[in-house]
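Asks: The following block contains a protein sequence and its predicted model.
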Amino acid sequence: MNADLRPLPRAFFARNSVDVARDLLGHFLVHETRQGRLVGRIVEVEAYRGPRDPASHAYRLTPRSRIMWSQPGTAYVYFTYGNHYCLNVVCEPEGTAGAVLFRALQPVEGRDVMRRARGVDAPHLLASGPGRLTQAMAVGPEHNGADLTRPPLYVAYGDPAGVRIKRSGRIGITAAAGRPWRFYADRSPFVSRR
DNA sequence: ATCTAGATCGGCT
DNA sequence: GCCGATCTAGATG
């Protein structure tokens, strides 16, 4: 992996979250930790919108969901099912709610650290699923509100042109008929639900 | 291959 | 009190 990773600018995230989700495929999620630099290629994401999207935490304004109205490029980390953390990046202009959930990565750098954190060996099981992804990337509740446009945790330019994009319904969502806002890299072994 | 339950707890009605 | 933007292990066909 080359050493040069440049963060995406804030303007990238200040758009419709569905467009941001699609455009995120092929770019990198990077975390510079004490253990070393962890890098994954983004291969699966889901878009969530505001009060008009019943599947979104921002369907209502609550203390937890408030952050989805904040500055684009901000991290939204939430806890679910008593066990797992999920990482999102806030989208849309400030004052409009929206976010993209990171669902799966292709591990690119720091695989050994990821293996240790996950307790599994197979590369396609390291970060294929939102809970697995945060565990592999050493992301937790302390990152809620972090700025994902600058180190140590950020989204960096990759190779989006080389991705065959597929779309589908969001996973685990019942109240979202007619909103196929999950995007993933076609035929990638690193997406969830293989 | 497909299903089921259990873990485990914060946020919300 | 209920249930979730999940994962894993174990059972069953």
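Replies: Nice, I can see it.

Asks: Where does residue A:41 sit: helix, strand or coil?
Replies: strand (DSSP: H, G, I helix; E, B strand; the rest coil).

Asks: got a list of what it touches?
Replies: Contact analysis of residue A:41 by Cβ atoms under 8 Å, 6 or more residues apart in numbering lists A:26, A:27, A:28, A:105, A:106, A:108, A:158, A:190. For glycine as for every other residue, the C-beta is placed from the backbone atoms N, C-alpha and C.

Asks: let's see 6 Å
Replies: With contact taken as Cβ atoms under 6 Å, 6 or more residues apart in numbering, residue A:41 is in contact with A:28, A:106, A:108, A:158.

Asks: In which helix or strand does the second one reside?
Replies: Taking DSSP states H and E as the definition, residue A:106 sits inside strand A:99-109.

Asks: starting at the chain centroid, how far to the next helix or strand after that strand?
Replies: Toward the C-terminus, strand A:99-109 is succeeded by helix A:111-118 as the next helix or strand (DSSP H and E). Centroid separation for helix A:111-118 versus its chain: 19 Å, with Cα atoms, centre = their mean, to the nearest Å.

Asks: Could you do stretch A:170-186 as well?
Replies: Mean-position distance between stretch A:170-186 and its chain equals 14 Å (Cα atoms, centre = their mean).

Asks: So for that stretch, what gets flagged as buried?
Replies: A:170, A:173, A:176, A:179, A:181, A:182, A:183, A:184, A:185 (16 or more other Cβ atoms under 10 Å).

Asks: which SS class is residue A:155?
Replies: Assignment for residue A:155 (three-state DSSP): strand.

Asks: Can you confirm whether stretch A:111-122 lies near DNA strand C?
Replies: Yes: contact of stretch A:111-122 with DNA strand C (Cβ under 7 Å from any atom of the strand) involves A:118, A:120.

Asks: ugh, typo on my part, it should be stretch A:70-87
Replies: Yes: using Cβ under 7 Å from any atom of the strand, stretch A:70-87 comes into contact with DNA strand C via A:76, A:80, A:81, A:82, A:83, A:84, A:86.

Asks: Next, name the residue at the spatial heart of chain A.
Replies: residue A:102 (2.0 Å; Cα atoms, centre = their mean).
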